[in-house]
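Student: give me the fold of what follows.
(one chain, ligands or ions: 1)
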Amino acid sequence: MKVICVDSERAMSAEAARLIAAHIRVKPNAVLGLATGSTPIGTYEELIRMHREEGLDFSEVRSVNLDEYVGLEPDHPQSYHYFMKHHLLDHIDIKPDHAHVPDGTARDLDAVCLEYDALIRELGGTDIQLLGIGRNGHIGFNEPGDAFVPETHVAELSDNTIEANQRFFRSADEVPRRAVTMGMGSIMQARHILLIACGESKADAVYGLVAGPVTPKVPASALQLHPHVTVIVDMAAARDLGLPGGLFGEA
Ligand code: F6R
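Tutor: From the prediction side, this is the model:
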């Protein structure tokens, strides 16, 4: 696991975008695994800038998003379909049918989950998977528990996640209780994993990710078993890692 500690959220976003863009330049039809939430917004802004100013070409790129709330229509402002269109997809030249977000409104969610893993396989696997991290160490909506769930599945959101995500809704009552999420295996099949985190509220989770025991109680800790992970953190999120700012560390 390579840990890159930078001095600002802006630097984190620029570094993450640079890495994703490099994948696209090397492989124009790269499969990108994408995330939502506050953390990747700056990365998406930088990718849009690279598209506009540097001609970064998404026309052959395919994307698969990590997750979607159950029950939110794609045009609901808090759905991850809407988020992706608003923050990235509408501003680049990716073909609409090349961009995939799980369907959280289908009647048969089990079928949605099976088809999503099949889709990832059909695309040839993910070249680079972008991840944020929850304060409780979740990735996607793989919440802390007693076992890792390998496949895409319907997850119950933990109280911690509902509380963290209520800032996007009018109240905690409006936060959906369930989500379709890639499982740990669906995430770990990616050839390269890029996790970004900033702010002190993520420091405990980042410590568990990098230096804690591998345990389903901190789902992100499983990334220690992946051969090609890059973690980009600001100094606040790296609080307990003992890495001097600006240096690249191997953990
Ligand atoms: C989003 C996702 C989540 C977020 C995590 C951090 O698709 O899968 O795991 O990455 O909850 O969210 P933010 O970035 O809002 O702190």
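Student: from here on, contacts and neighbour counts on C-alpha atoms
Tutor: Fine.
Student: which residues of the stretch 1-150 of the chain lie near the ligand?
Tutor: Within the stretch 1-150 of the chain, the positions near the ligand by Cα under 6 Å from any ligand atom are 35-39, 66-67, 131-134, 138-141.
Student: just the buried residues out of these, in ChimeraX syntax.
Tutor: Those of these that count as buried under 16 or more other Cα atoms under 10 Å are selected in ChimeraX with:
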select :35,36,39,66,67,131,132,133,134,138,139,140,141
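Student: so which of the residues of the stretch 1-150 of the chain next to the ligand are in strands?
Tutor: D67, L131 (DSSP state E).
Student: output the contacting helices and strands for the strand or helix carrying V112.
Tutor: For V112, the element it lies in under DSSP states H and E is helix 109-122. Secondary-structure packing of helix 109-122 (3 or more Cα pairs under 8 Å, 6 or more residues apart in numbering; DSSP states H and E): strand 153-156.
Student: and with 7 Å instead?
Tutor: Under the contact definition 3 or more Cα pairs under 7 Å, 6 or more residues apart in numbering; DSSP states H and E, helix 109-122 sits against no other helix or strand.
Student: let me see the contact set for S186.
Tutor: D117, P150, E151, T152 (Cα atoms under 7 Å, 6 or more residues apart in numbering).
Student: T152 is in contact with the first one, correct?
Tutor: Yes. Contact status for D117 versus T152: in contact at 6.3 Å, counting by Cα atoms under 7 Å.
Student: between these two, point out the one with more neighbours.
Tutor: T152 (26 against 19; other Cα atoms under 10 Å).
Student: residues contacting that one?
Tutor: So T152 contacts C113, L114, Y116, D117, T181, M182, G183, S186 (Cα under 7 Å, 6+ apart).
Student: between those, which sits nearest the ligand?
Tutor: Using Cα to the nearest ligand atom, T181 comes nearest to the ligand of these, at 7.6 Å.
Student: please name the bridge partners of the closest one.
Tutor: Beta-bridge pairing for T181 (DSSP bridges): D67, H153.
Student: correct me, but it touches H138?
Tutor: No. T181 is beyond contact range of H138, at 11.1 Å (criterion: Cα under 7 Å).
Student: and the helices in the stretch 151-251 of the chain, which stretches?
Tutor: Secondary structure of the stretch 151-251 of the chain by DSSP state H, counting those that start in this stretch: the helices cover 159-165, 184-188, 203-211.
Student: what about the second one, average pLDDT?
Tutor: Right, the one you point to is helix 184-188. What helix 184-188 shows for mean pLDDT is 98.
Student: flag the shaky bits of this structure, pLDDT-wise.
Tutor: Residue ranges of the chain with pLDDT under 70: 243-251.
Student: let me know the closest of the residues of the stretch 1-150 of the chain next to the ligand to H23.
Tutor: The closest of those to H23 turns out to be L131 (Cα to Cα; 15.7 Å).
Student: where's that closest one relative to H100, distance?
Tutor: 16 Å (Cα to Cα, to the nearest Å).
Student: please name the nearest non-neighbouring residue to E151.
Tutor: G183 (4.3 Å; Cα to Cα, 6 or more residues apart in numbering).
Student: the residue positioned nearest the centre of the chain pairs with what?
Tutor: The chain has L131 as the residue nearest its centroid, 2.7 Å off, counting by Cα atoms, centre = their mean. On the basis of DSSP bridges, L131 is bridged to L195.
Student: so who does it touch?
Tutor: L131 touches A35, I139, L194, L195, I196, counting by Cα under 7 Å, 6+ apart.
Student: ok, the last one to S171 distance?
Tutor: If I follow you right, that is I196. Distance from I196 to S171, by Cα to Cα: 27 Å.
Student: which one's more surrounded, these two?
Tutor: Legend: neighbour count by other Cα under 10 Å for I196 and S171, higher for I196 (26 against 12).
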